[in-house]
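> any chance you can model this:
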Amino acid sequence: MMIELNQISRTDFKIQVLKNKDSIHWFIWYVQNKVDGIEFKSLFSNNNEIGVCFFIETTDSTEIGILISKDYRQNGFGTDLIKQLILHRKKALKFIVLKYNTASLSFFKKLTNEGILDSWQNERGTVF
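Alright, predicted model coming up:
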């Protein structure tokens, strides 16, 4: 399934993050701090807003943070989005997950086990 990405404001991104109380601490830093090159996007599937994400462009990679809304989790949207992003990437993609974010670590390790992503450790956490 194709997931549509639409540009949104920092404020709209923050509103969506606050609706997902279990994910606030993973994403709020990106709303409260100035990050050069960050873009915020909403995620749509079949005309339903299923979440939000951000992209941070650097010279050699794109860091991505994905938040699938509670009502749409465990339905394959995250996996579909990552496969779509890989298919259309122009440079390396990075998903950085802190060790305390056990749900995201489990999700990304599954993608690593399936051979979709690689992983390594850095000072910020696990990079997929």
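> got the buried residues for the helix or strand of the chain with the lowest mean pLDDT?
Counting by mean pLDDT, DSSP states H and E, the weakest-scoring helix or strand in the chain turns out to be helix 24-32, with a mean of 85. By neighbour count on 16 or more other Cβ atoms under 10 Å, the buried set for helix 24-32 is 26, 27, 30, 31. Quick note: C-beta positions are derived from backbone N, CA and C, even for glycine.
> and that helix, what other elements does it pack with?
Under the contact criterion of 3 or more Cβ pairs under 8 Å, 6 or more residues apart in numbering; DSSP states H and E, helix 24-32 touches helix 10-19, strand 61-68.
> can you list the strands that the last one pairs with?
When you say that, I think you mean strand 61-68. Using DSSP bridges, strand 61-68 pairs in its sheet with strand 48-57 (antiparallel), strand 92-94 (parallel).
> how much space separates the residue nearest in space to the middle of the chain from residue 59?
Residue closest to the average C-alpha location in the chain (Cα atoms, centre = their mean): residue 66, at 1.7 Å. For residue 66, the distance to residue 59 equals 22 Å [Cβ to Cβ, to the nearest Å].
> kindly report the same for residue 99.
27 Å.
> with neighbour numbers in mind, choose between the two.
A count of neighbours by other Cβ atoms under 10 Å puts residue 99 above the other of residue 99 and residue 59, at 10 against 5.
> residues in contact with the spatially closest residue to that one that is not a sequence neighbour?
Nearest residue to residue 99, sequence neighbours excluded (Cβ to Cβ, 6 or more residues apart in numbering): residue 125, at 5.8 Å. If a contact means Cβ atoms under 8 Å, 6 or more residues apart in numbering, then residue 125 has 96, 97, 98, 99, 101 as its contacts.
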